[in-house]
Structures are given as C-alpha cells and as structure tokens.
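Undergrad: What follows is a predicted protein model with its sequence.
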Amino acid sequence: MSGGRNAALGIGIANLFGRLTGLARDVIFAAVFGAGSVSDAYNAALRVPQLLRELVAEGSLQNVIVPAFSDTAEREGVAAAWKLAEAVLGVLLVVLGVATLAFWALADGWVQLVASGFAADPDKLALAATLTRWLSPFLAGLSLAAYFGGLLNSRGRFFVPALAQNVLNLGVIAACVVGPWWAARGGPDAIVVVAALTTLTGFVQAGLCVPPLWREGFRFRPSFSGHPALGRLLVWFGTALVGVVTVQFNLLVESQWASDFGDGVLTWLLGSFRLVQLPLALVAGSLATTLLPELSAAWSRGEADGSGALLTRALRTHASLVVPAAVGLGVLAEPIVGLVYERGAFDHADTVGTASMLRMYAWACYGICLHRILVPVCYAIGRPRLPMWLSLGAMGAKIPVVLVLTRGAGLGADALPLSHAVTVTTECVGLFWGLRTLLAGRGLGGHHVRVGLAAGAMGAVAWALSDRAHVLVVVLAAGAVYGVLAAALGVLALPARGKPLVPPFVDPATAALLERARTEVVHPTADALHFGPDAYVVRVVDAALVLRPAGTDGVRAAATADAGADGFGIRPGPAPRLVAIRLGGLRFTLTADAPDAPVWLDLPKR
C-alpha cells in the first residue's frame with residue numbers, strides 16, 4: 001500500500017478534477033435551466049436516489065466495510081476478506097433491487113417527502129415525479145460504484161474510484177448540450193434527457209471499478225448463503241445507518257423548508273452547498289479515504305499511539321486547509337457565486353440569494369469537513385455508537401433550531417444553512433470528546449490557534465480588496481498572505497530546500513525511508529518498524545545498515561532501547577557507510593558491541 005501522503009495527494013488531484021468538472025456541470029446546468037421550477041424539480045428528484053445512496057453505500061456501508069475488510073485481511077488473509085465482500089454484495093443487490101422498484105412505484109410520495117411545497121404547483125410536482133422515475137435506477141448504479149470504490153480503497157487503490165465521479169459530471173454536461181437541441185427537433189423535454197443520462201452514468205461509474213477489482217482478486221460472485229462476520233457487520237451497519245439517517249434528515253428539513261420559500265430557493269440552497277463541497281471533497285474526502293484503511297490496520301495491530309498519530313496528522317492538514325477555505329467562502333461569497341454561476345438564465349438576483357446562503361454555510365464548512373473524517377474513525381476503533389447517539393441528538397435539535405432562527409431571529413431562508421452549522425458543530429464537539437484519548441497532548445489546540453490567526457489576516461485582506469479587484473486576483477493575494485503567515489507560524493510545512501538530509505552513499509531505499517521518517521511517526525514492534533501501514537526491518541548488508549520490507553531474509557542488526565531523537569550515524573572515509581539508525585525509540589547497530597558512530601545526524605521533523 002502506498003504512503004498516506006502520496007495516496008491523499010492522488011485522491012486530491014482526482015477530486016480536484018472532479019470538482020472542476022462538477023463546477024462546469026453546475027455552471028452549464030444553471031445557464032440552460034436557471035433557478036426556477038424546472039431546476040427545482042430536477043434537484044428534488046435527484047435528492048431521492050442520492051438519499052438512499054448515502055444511506056446504503058457511501059455514508060454507512062463504506063464506514064463499516066472498509067474497517068471490516070482491512071481487519072479481516074490483516075487477521076485471516078485477503079482470500080477470507082473477499083469472501084466477506086461477496087456476502088455483502090449479495091445483501092446489497094437485494095436491497096438495491098427492492099429500493100429501486102419502490103422509488104419507481106411511489107415516485108409521487110417520495111417527491112412529497114423531499115419537497116412538499118411543490119404541492120402548490122401541480123405541474124412542478126408532476127415534473128418532479130416523472131424525473132424521479134427516470135432517476136430511480138441511478139441509486140443502484142451509484143451505490144454499487146460506492147461499494148466497489150470502498151473495496152478498492154481497502155486494497156490501497158484510491159485513484160480510480162475518485163476519478164470515476166467525473167462520469168456523472170461529464171454526462172450531465174453532454175445532456176445539457178444535447179437535450180435542448182433534441183427537444184427543439186421534436187424529441188423529449190431537455191430535462192428528461194438530463195435525467196436519463198444521469199441514470200446511465202451511475203452504472204458506468206460502477207463499471208470503471210470492475211477491472212481494477214478483478215485484478216485485485218474479487219470475482220463479483222454475490223453470495224446469498226451468509227458469512228460468519230455478516231451478523232456483526234449488519235449490527236454495525238444498523239448503527240451507521242442511524243447516523244446517516246439523521247444527517248439526511250437534517251438535509252431533508254432544509255430542502256422542505258426551502259421549497260416553501262418560492263421558486264429558486266431550493267436551487268440557491270443546493271448551489272451554495274455545492275461550493276462548500278469543494279473543501280469537503282478535496283481535503284476531508286481525500287484525508288478520510290486514505291486514513292480509514294491505514295488507521296484500521298494500525299488499530300487491528302494494537303497500535304493505539306500510532307492510530308492517534310495518524311489521526312492527528314490528518315486533523316492538522318484538515319485545519320490548515322479547510323479553515324482558510326471557509327473564511328474565503330464567507331468573505332467572498334457574492335463574487336465567487338457570480339463568477340461560478342451568473343450567466344444565461346441564472347441572473348444577478350439568483351447570485352445574491354445563493355451568496356447569502358453561502359455566507360451561512362461558511363460557518364458550517366469546518367464542521368461538515370471534520371465530521372467526514374471523525375465518523376469513520378469511530379468505526380475503525382470499534383466505537384460505532386458514539387456518532388449514532390450524537391446524530392440522534394442533532395436530529396432532535398434540528399427543527400427547534402430552524403424554528404428559532406427562522407421565526408425567532410427572522411433570518412428567513414438563510415436560517416437553513418446556519419442551522420446546519422449549529423448542529424454539525426455540536427456533533428463535532430462530541431466526537432472530539434469521545435476521541436480525546438487518541439488526541440490528548442498532541443498540540444491540536446495550539447495548531448488551530450495559529451491557523452485561525454493566519455486565516456483571520458487572510459480574511460481581512462480579502463475583505464479589503466473584494467470591491468477593488470477581480471475575485472481571482474483577490475483570491476491569489478489573500479492566499480499568498482495566508483501562505484506566508486502560515487509558514488511563519490509553523491502551520492504549513494514547506495518542502496526541504498537544497499539536497500536531502502541523508503547523504504547519497506546511503507542505500508537509496510533506506511535513504512527514502514529515513515527522509516520519510518521526518519514527516520511520519522515511526523512505530524516499533526517486536527520485529528519491525530512501522531511507517532504507517534508499511535513494516536520494515538533493519539538488516540546488515542556489506543557492513544552497512546539497510547531498511548528492507550518485513551519478511552526479508554538477511555543478517556539482523558542489533559537493537560537496543562534508546563529514547564533519543566530520531567537520527568542516524570555514519571562512518572566516513574574512502575568508503576563511507578551507514579552504521580547506526582535510531583528510530584521510534586530503538587537504536588540499531590551492526591553488532592551488539594559496535595563502537596559509537598563517529599558522525600551522528602539527527603532527523604528533524606518537517
């Protein structure tokens with residue numbers, strides 16, 4: 001499995017491409033259909049399959065299957081893990097088949113559930129029901145894609161599932177171009193073409209995951225005969241389902257309330273939320289996807305301290321990137337919305353309405369992204385009931401909070417995203433408290449203070465320039481201010497300058513691992529050093545020390561306890577050699593009575 005940083009970077013690149021094509025999709029869709037009854041009907045119909053996808057696949061099943069698959073592979077081998085995956089696939093196919101038929105047959109009722117305000121406009125309600133029928137198979141394709149992607153993530157294959165999301169975006173873009181052209185020539189309504197192609201893209205996404213899964217050893221033979229671990233998984237799935245139901249309930253409340261405020265408001269709400277999903281996908285999604293299998297494997301090996309170090313590293317990165325993103329979205333809401341959406345049928349009034357909601361969602365941005373990381377961690381360490389109870393509490397508080405903000409404070413539709421900020425922030429406080437034993441004493445509080453100082457200065461610069469320059473110029477200037485201050489405050493680790501610290505005569509694989517030790521916490525066990533999920537042993541080759549993958553034969557180096565700083569010792573001369581390594585509280589030498597290394601170099605953290 002590749003290192004967590006490289007994997008997160010690959011996912012981030014794929015997610016960035018997905019977010020760019022997603023923005024292009026939203027821009028083109030808004031230009032063609034605007035913010036009115038047609039776009040509201042499509043968005044309401046799309047909420048139905050997306051709701052079940054979140055319940056069945058991405059929100060619940062991935063949080064359960066990735067830790068379970070990783071744990072089974074760690075303890076019993078990969079073949080046993082594939083047997084478990086086949087049993088889950090059998091259950092999933094039955095559930096998806098029944099759900100698809102139910103959505104098709106009960107389309108009118110589902111629309112009423114998502115947007116009851118449409119009842120005041122029979123044509124709008126009828127269109128939404130028609131589109132729901134077209135989109136009902138979409139949930140099956142997208143849920144299978146999410147499940148297959150979770151299996152690939154468990155095997156350390158992250159890029160293909162992350163890249164597959166572009167299929168939906170590109171399909172909708174094509175439909176927005178073809179649909180009006182076809183409708184003008186006597187074909188179906190343009191929005192029906194968009195719905196039909198949306199459904200097709202779900203199955204294409206699932207198909208893209210098939211070849212890499214086949215190469216990993218999965219044979220797509222659904223089992224209906226059960227599995228010894230299936231009962232435990234279903235119990236965990238039930239707790240996960242409760243948690244995701246509450247999240248979707250909160251979104252459902254927002255959609256319901258928005259449908260009562262008139263045409264376009266639901267589109268404003270969803271359009272502003274899509275902008276918040278940029279940091280959610282690029283940062284939180286990438287970190288959570290790579291963290292979950294790595295942390296699950298570390299926890300299965302009994303490495304509680306290592307698990308805490310992995311989580312801390314992810315949370316530091318999360319804060320360093322999401323906090324400035326949230327500040328930027330809040331301060332520059334109107335110019336950002338105008339840049340992204342305002343063209344064609346999406347006019348300036350729509351920009352103002354969407355920007356007003358985006359300012360409120362900016363307060364929720366940090367919590368939304370943090371929730372995406374912390375909830376899977378609870379499943380990885382065997383505490384699934386914690387997020388469940390917190391989510392139930394948030395669900396109970398949602399409607400009272402909305403009532404207080406809409407009627408008591410008189411905020412109108414803007415109260416909907418602000419209520420999201422209140423509930424998700426409360427949940428995250430509870431999650432932090434529940435995970436405090438993993439995070440205690442790791443300096444996260446001080447890190448967040450430094451991030452806040454740099455982001456506050458960045459926001460002040462953005463606000464001062466917002467009326468004086470183009471939004472892209474403002475973003476670049478404010479981003480530069482944040483980068484300089486964050487580096488000065490130690491929030492961002494800049495790449496090392498000049499040559500690497502490890503001299504060139506050291507074995508290349510060993511040198512790379514020593515450099516890696518400067519950015520990761522190394523955890524020793526009885527017979528190996530663990531760099532994240534990767535295990536290595538110290539061997540003696542040609543009178544020098546080398547790091548090799550666990551299981552490699554050869555002469556073992558002598559190891560003694562040494563609490564000093566990580567570093568290495570070299571013996572200079574015509575044939576310089578690496579003769580000592582100190583990592584993770586252990587010191588390795590050529591022999592037990594080897595003299596001290598003449599030259600010692602520390603490995604300062606970056």
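TA: All right, it came through fine.

Undergrad: For the stretch 501-606 of the chain, which segments count as helices?
TA: 508-516 (DSSP state H, counting those that start in this stretch).

Undergrad: now the stretch 1-150 of the chain
TA: Along the stretch 1-150 of the chain, counting by DSSP H, counting those that start in this stretch, helices occupy 4-33, 37-53, 61-76, 78-105, 107-114, 122-135, 138-154.

Undergrad: The longest helix anywhere in the chain vs helix 61-76, what angle?
TA: The longest helix of the chain (DSSP state H) is helix 348-380. Using axes from the mean of the first three to the mean of the last three Cα atoms, to 10 degrees, the inter-axis angle of helix 348-380 relative to helix 61-76 is 30 degrees.

Undergrad: List the buried residues of the next helix or strand after helix 348-380.
TA: Per DSSP states H and E, helix 348-380 leads on to helix 385-403 as the next helix or strand towards the C-terminus. Under the neighbour-count criterion of 16 or more other Cβ atoms under 10 Å, helix 385-403 has Leu386, Pro387, Met388, Leu390, Ser391, Ala394, Met395, Ala397, Lys398, Val401, Val402 buried. No exception for glycine: its C-beta is placed from N, CA and C like everyone else's.

Undergrad: Distance check, the last one against Thr560.
TA: The one in question is Val402. Distance, Val402 to Thr560, by Cβ to Cβ, to the nearest Å: 62 Å.

Undergrad: what does the fifth one give?
TA: Remark: distance between Ser391 and Thr560 (Cβ to Cβ) = 49 Å.

Undergrad: dump the residue contacts of Arg359.
TA: By Cβ atoms under 8 Å, 6 or more residues apart in numbering, the contact set of Arg359 is Gly330, Ala333, Asp414.

Undergrad: ditto for Gln277
TA: Contact partners of Gln277, counting by Cβ under 8 Å, 6+ apart, are Arg19, Gly22.

Undergrad: cutoff 6 Å now
TA: For Gln277, no residue counts as a contact, taking Cβ atoms under 6 Å, 6 or more residues apart in numbering as the criterion.

Undergrad: Is it part of a helix or strand, or is it coil?
TA: Under DSSP: H, G, I helix; E, B strand; the rest coil, the three-state class of Gln277 is helix.

Undergrad: Secondary structure for the contacts of Arg359 - can I get that in CSV?
TA: As requested, these are exported to CSV (three-state DSSP):
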residue, secondary structure
Gly330, helix
Ala333, helix
Asp414, helix
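
Undergrad: In the stretch 201-350 of the chain, where is pLDDT below threshold?
TA: Along the stretch 201-350 of the chain, the model assigns pLDDT under 70 to residues 236, 240-241, 243-244, 247, 281, 285, 297-298, 300-301, 303.

Undergrad: any idea where the helices of it begin and end?
TA: For the stretch 201-350 of the chain, helices defined by DSSP H, counting those that start in this stretch occupy the ranges 230-259, 265-279, 286-300, 304-331, 333-341, 348-380.

Undergrad: closest one to Gly569 among those?
TA: Gly569 sits nearest to helix 304-331 of all those, at 25.1 Å, using Cβ to Cβ.

Undergrad: what angle sits between the closest one and helix 265-279?
TA: Going by the same axes, to 10 degrees, helix 304-331 makes 130 degrees with helix 265-279.

Undergrad: Count the residues that sit near the closest residue to Arg383 other than its chain neighbours.
TA: Closest residue to Arg383 apart from its sequence neighbours, by Cβ to Cβ, 6 or more residues apart in numbering: Gly434 at 6.7 Å. Applying other Cβ atoms under 10 Å, we find 19 residues neighbouring Gly434.

Undergrad: Hmm, Gly434 is touching Pro387, no?
TA: No. Look at Gly434 against Pro387 with Cβ atoms under 6 Å: they stay out of range, at 8.4 Å.

Undergrad: Give me the distance between Gly171 and Ala164.
TA: Per Cβ to Cβ, Gly171 is found 12 Å from Ala164.

Undergrad: Name the nearest residue to Arg157, sequence neighbours excluded.
TA: Pro212 (5.6 Å).
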